[in-house]
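Trainee: predicted model follows, preceded by the sequence.
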Number of protein chains: 2
Amino acid sequence: MASIENKSVIFKSVPVGYPTADNLPVVSSTIPASAPEGGLLIKVLTISLDPYMRGRMRDASKKSYSPAFPLDQPTAGFGVSKVLDSAVAGFAKDDLVVSPVTNHAQYMAVPAALVGTFKKVTNPYNFPLSYFVGVLGMPGLTAYTSLEYVVGPLKAGETILVSAAAGAVGQIVGQIAKKRGLKVYGTVGSDEKVKYLTDKLGFDDAWNYKTETDCVAAINKHIPQGIDIFFDNVGGDLLDAVLVTANDFARIACCGQISQYNAKPEELYGYKNLMEIVTRRLKLQGFIVGDLVQQHPDVLGKFFAEVSGYLHDGSFVYQEDVVEGLENFADAFVGLLKGKNFGKLVIKVADE
Amino acid sequence: MASIENKSVIFKSVPVGYPTADNLPVVSSTIPASAPEGGLLIKVLTISLDPYMRGRMRDASKKSYSPAFPLDQPTAGFGVSKVLDSAVAGFAKDDLVVSPVTNHAQYMAVPAALVGTFKKVTNPYNFPLSYFVGVLGMPGLTAYTSLEYVVGPLKAGETILVSAAAGAVGQIVGQIAKKRGLKVYGTVGSDEKVKYLTDKLGFDDAWNYKTETDCVAAINKHIPQGIDIFFDNVGGDLLDAVLVTANDFARIACCGQISQYNAKPEELYGYKNLMEIVTRRLKLQGFIVGDLVQQHPDVLGKFFAEVSGYLHDGSFVYQEDVVEGLENFADAFVGLLKGKNFGKLVIKVADE
């Protein structure tokens, strides 16, 4: 049987602090040039780099919502691919497919057991395929469902603050909130991103947390009316500051804590203001998009129709940061954890 | 006009750390022996000491859900009193009344503006009057409404942990949860209280946090099935430990943080485990009973009917810690903050 040379990112060792290329080397192997029994052979086009993947780079004995990557196997995540060969009904050569378990590789032999996670891409407006792992994929759906079901219903005139507001989820959160009539504020890590939020995305105001380091002072300065909703991707001192400045009955969507993902135990942030949860009658809620979709399956169609409509009519802006080539995986991923990307980070593995 | 000598607890100065009798002296004055225009003259019988009152002993410039006590005025809270003289329709001599703004005093001239906060006591089962500031008053209503509307609906078979479980709110929370078919666990500050919970109140298990000081180990030992609901009156290391051990989707009712009320800023507990809110998809919600009653006004009748029924048929146990005499106010209140009381703390000011 003919075979294909295939480069993959391998989970070689558990990182301490930020991952390195030693933890995540790119390794060549060969795979058969046809689909396995009941499965698919796919060519990977675009993979999505998302902060939650840091949590999967752990010792498998630690339980969490997302399984640990198995050691010495390819890492995986959301990706868009093209079918090269199909041994299963419903898929044909040249179909474009998206799946959350796409290997970080050039090619993938999809076993029968995983075929169910692959969906054909429906693309009536001819968006770039990378949109299906971004604004029209998991990050967009995360923003949409959590605004609706975790901190919703949103009320026109309310004030929302979004952290990591230029990121994959943050930029969608802000723009949906604007569509719902909210006052929208964001924190980001550069002046360039501040300008992007206020000039391109229509945020009411934003600030650079690297230059305005006193979070309470920054909130009081930029948001004198106070915060009704905080959409938190970052954690740390900003979350602690929101607790002590939020309006009564404020709702906090705990989407992630990127500031803490690489902290060693002794470096973890110590939150001082939890008493404010009582006095201000706050609600903090963690969520994973998959649970929300299971609980509200009809959200999928609503999300896709609404957000693709906004993208098509030009009322939504969507910034991507496209890195070329699988060999840049570890560097790009660390850049994401450090906020160096500008917009949704994807790796273009191959042309269609 | 005749006058009455009247001892009152006066808010003399803002405490630093635990309050003292210097902050809260008992002072004698005289008041007229008849009701003021449109008001009432009442004889105070029983006053309720509740941890939230510590929050009112602050500088008036700091905003919170409950107003600061005005300096040099009597402190006030929930109390049961007898009407000595009425200058307002609807109240007559010898009526028994309950109000959240009862002065901590022997007598009170209730001005017309405050009459609306006084309700006549309805006592078909002849319960001790102190019940109306405890199990049938604010603490009982706090337990009942928050179990229903903050962490509810309760499902039979779920596991709940209650901190300060022998206290005014905690003992009611535990017993309501048992009635709803939950497995109920508690933390308390003495072995005697542990025995009280397991032997008298029907808790499934309980432990003394002063002897089992490793909170994570204690949870794992006593509650191997994990926690679905945490009813938290205490905060601090127990809350941090619950975050890191709770079952997925656990709900946390943030009722109070008595461990933090007297902490100086540098002594505040630093919570390390907020990332778990995301990974375990936890919900933490602060609440004040008054808000919940406003949102669900029909809860009042349901609460009173159900809980008074349980007290009458003997299926609820209610332990009170009755201190005699207003002059013991400061000592008793500090004892409450330190957990020295056994059951709901009230001061008996006078016989009926």
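Mentor: Nice, thanks for sending it over.
Trainee: could you pull out the helices in the stretch 1-150 of chain A for me?
Mentor: Secondary structure of the stretch 1-150 of chain A (DSSP state H, counting those that start in this stretch): helices at A:53-56, A:138-149.
Trainee: now do the longest strand that chain A contains: distance to the chain's middle.
Mentor: Once chain A is assigned using DSSP state E, the strand that runs over the most residues is strand A:76-86. Put simply, strand A:76-86 sits 19 Å off its chain's centre (C-alpha atoms, centre = their mean, to the nearest Å).
Trainee: which helices and strands does it pack with?
Mentor: strand A:40-48, strand A:96-103 (3 or more C-beta pairs under 8 Å, 6 or more residues apart in numbering or on different chains; DSSP states H and E). The C-beta positions use only the backbone N, C-alpha and C, and glycine is treated the same way.
Trainee: grab the nearest non-local neighbour of residue A:238.
Mentor: The shortest distance from residue A:238 to any residue other than its chain neighbours is 4.9 Å, reached at residue A:215 (C-beta to C-beta, 6 or more residues apart in numbering or on different chains).
Trainee: contact partners for that neighbour?
Mentor: Contact analysis of residue A:215 by C-beta atoms under 8 Å, 6 or more residues apart in numbering or on different chains lists A:209, A:237, A:238, A:240, A:241, A:242.
Trainee: got those residues as CSV, with distance to residue B:13, pLDDT and secondary structure columns?
Mentor: Below are these laid out as CSV (distance: C-beta to C-beta, whole Å; pLDDT from 0 to 100; DSSP: H, G, I helix; E, B strand; the rest coil):
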residue, distance to residue B:13, pLDDT, secondary structure
A:209, 40, 97, coil
A:237, 33, 97, helix
A:238, 36, 98, helix
A:240, 30, 98, helix
A:241, 30, 98, helix
A:242, 32, 98, helix
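Trainee: just give me the closest of the residues you listed to chain B.
Mentor: Out of these, the one with the shortest distance to chain B is residue A:240. That distance is 9.0 Å, counting by C-beta to the nearest C-beta.
Trainee: tally of neighbours for the closest residue to chain B within the stretch 151-300 of chain A?
Mentor: Among residues of the stretch 151-300 of chain A, the one nearest chain B by C-beta to the nearest C-beta turns out to be residue A:270. It sits 2.5 Å away. Burial of residue A:270 is recorded as 12 neighbouring residues (other C-beta atoms under 10 Å in any protein chain shown).
Trainee: quick one: it from residue B:269, how far?
Mentor: Between residue A:270 and residue B:269 the distance is 8 Å, computed by C-beta to C-beta, to the nearest Å.
Trainee: before we move on, what about residue A:24?
Mentor: Taking C-beta to C-beta, one finds residue A:24 at 37 Å from residue B:269.
Trainee: just residue A:6 next, same as before
Mentor: According to C-beta to C-beta, residue A:6 stands 51 Å off from residue B:269.
Trainee: likewise residue A:108?
Mentor: Between residue A:108 and residue B:269 the computed distance is 48 Å (C-beta to C-beta).
Trainee: more crowded one of these two?
Mentor: Neighbour totals were compared for residue A:108 and residue B:269, and residue A:108 leads with 26 against 20 (other C-beta under 10 Å).
Trainee: which strand residues bridge the more buried one?
Mentor: Note on residue A:108: beta-bridge partners residue A:42, judged by DSSP bridges.
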